[in-house]
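[1] With the input below, show me the fold.
(4 chains)
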Number of protein chains: 2
Amino acid sequence: MRVSTRGEYGVRAMFDLALNYGSGPIPLRTVAARQMVSETYLEQLMGALRKAGLVVSKRGAQGGYELADPPERITIGQIIRVLEGPITPLDCLDTDSGTGPYCGQPEQCVLRGLWKQLQDSMERVLDNTTLEDLRQNAIRLGVAQGQ
Amino acid sequence: MRVSTRGEYGVRAMFDLALNYGSGPIPLRTVAARQMVSETYLEQLMGALRKAGLVVSKRGAQGGYELADPPERITIGQIIRVLEGPITPLDCLDTDSGTGPYCGQPEQCVLRGLWKQLQDSMERVLDNTTLEDLRQNAIRLGVAQGQ
DNA sequence: CTCATTTCCGACTAATTTCGTCGGAATTGA
DNA sequence: TCAATTCCGACGAAATTAGTCGGAAATGAG
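    Next up is the predicted model:
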């Protein structure tokens, strides 16, 4: 029931970009240093986020990454799904991957209801929190300046 | 963000025991066959659940496992915690294990609030669902008979 | 033009976790 | 006495996680 470092670092990097939204591309080196994560590892993650259309990049000198959309239009759920796959406690709930091995009769699967509830509650949090929400919290706590 | 087979199979086994609560000890062989999971693997899981006090066992012929308490007094959260450890998206939220590596200033950690919200929403579901709730659903769906 | 900066890409590796299996000892009721 | 059953610890294969590494390509500044 854990978020791996992919999700964790990815959200932190996106949060960092949100705090700096509007000031042009930010090099990964800077983000990695501020968030204290490996730059080469972040590179991997940002590649995925770029292909998913959540960030845009600019190569070369004065290049870097920035959010593809304003912070209020990017949710944590989007980020997590790109980096960790579908938000689901059990594969048999993931509609994309079809029914699971023993879930031949989903309507009879009492436990499916339980896991579905769990999934819904997770998605409710992650899909209703935007980077802007986090930015506002940062401002309120006074940790947004200087970045 | 997945429940591993430990949690999944464990919940299924406990659900099976709940459906049969009151009829004396049930041998693992029976539970494993009904739930279509490996018997030797289940053995491992039941050992943990027994040590945690969620089931009681009886060795030898006519032995087996039964719930240590009535189904309405055992929650899914209890089962998951025994088999998967603390319910927390990030280790830094787990009060037992102290603060995480970069969370030296938890009050400044904006993201901590997000992960805490996620944790709360997961625990709300898992700690408020009992085996009896599942049993009632099974009865309502007509899948409880014969077990 | 050149050069430092920076993204981009794919392959590789080490560590950890997951998902079990296996052999045998101990207990117990028939 | 014997079959059924839990109990226990060690073992192992496969998958996942968490990165590293080397180098190619692009680009702005001087």
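[2] quick one: the strands in chain A?
    Assigned by DSSP state E, the strands in chain A fall at A:55-58, A:64-67.
[3] Can you tell me which of those strands is most buried?
    Counting by mean count of other Cβ atoms under 10 Å in any protein chain shown, strand A:64-67 has the highest mean neighbour count of these, with a mean of 21. Any C-beta I mention is one placed from the backbone N, CA and C, and that applies to glycine too.
[4] does that one come close to DNA strand C?
    Yes. Using Cβ under 7 Å from any atom of the strand, strand A:64-67 reaches DNA strand C at A:Gly64, A:Tyr65.
[5] outside of that strand, which residues touch it?
    For strand A:64-67, contacts defined as Cβ atoms under 8 Å, 6 or more residues apart in numbering or on different chains pick out A:14, A:17-18, A:20-21, A:24-28, A:30-31, A:46, A:50, A:54-58, A:74, A:131.
[6] Do any residues in it lie close to DNA strand D?
    No. On the criterion Cβ under 7 Å from any atom of the strand, strand A:64-67 is out of touch with DNA strand D, staying 10.8 Å away.
[7] CA-only coordinates of that strand, as PDB, when you get a sec.
    The C-alpha coordinates for strand A:64-67 follow below in PDB (Å, rounded to 0.1, in the frame of the first residue of the first chain):
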ATOM      1  CA  GLY A  64      14.600  22.800 -18.800                       C
ATOM      2  CA  TYR A  65      11.100  21.700 -17.900                       C
ATOM      3  CA  GLU A  66       7.900  23.500 -17.100                       C
ATOM      4  CA  LEU A  67       4.400  22.500 -16.500                       C
END
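[8] Just the mean pLDDT for that strand, thanks.
    Averaged over strand A:64-67, pLDDT sits at 98.
[9] And for stretch A:89-98?
    Stretch A:89-98 comes out at a mean pLDDT of 70.
[10] and what of stretch A:23-33?
    Regarding stretch A:23-33, the rounded mean pLDDT is 97.
[11] Run through the residues that contact A:Arg124.
    Counting by Cβ under 8 Å, 6+ apart, A:Arg124 has contacts B:Ser121.
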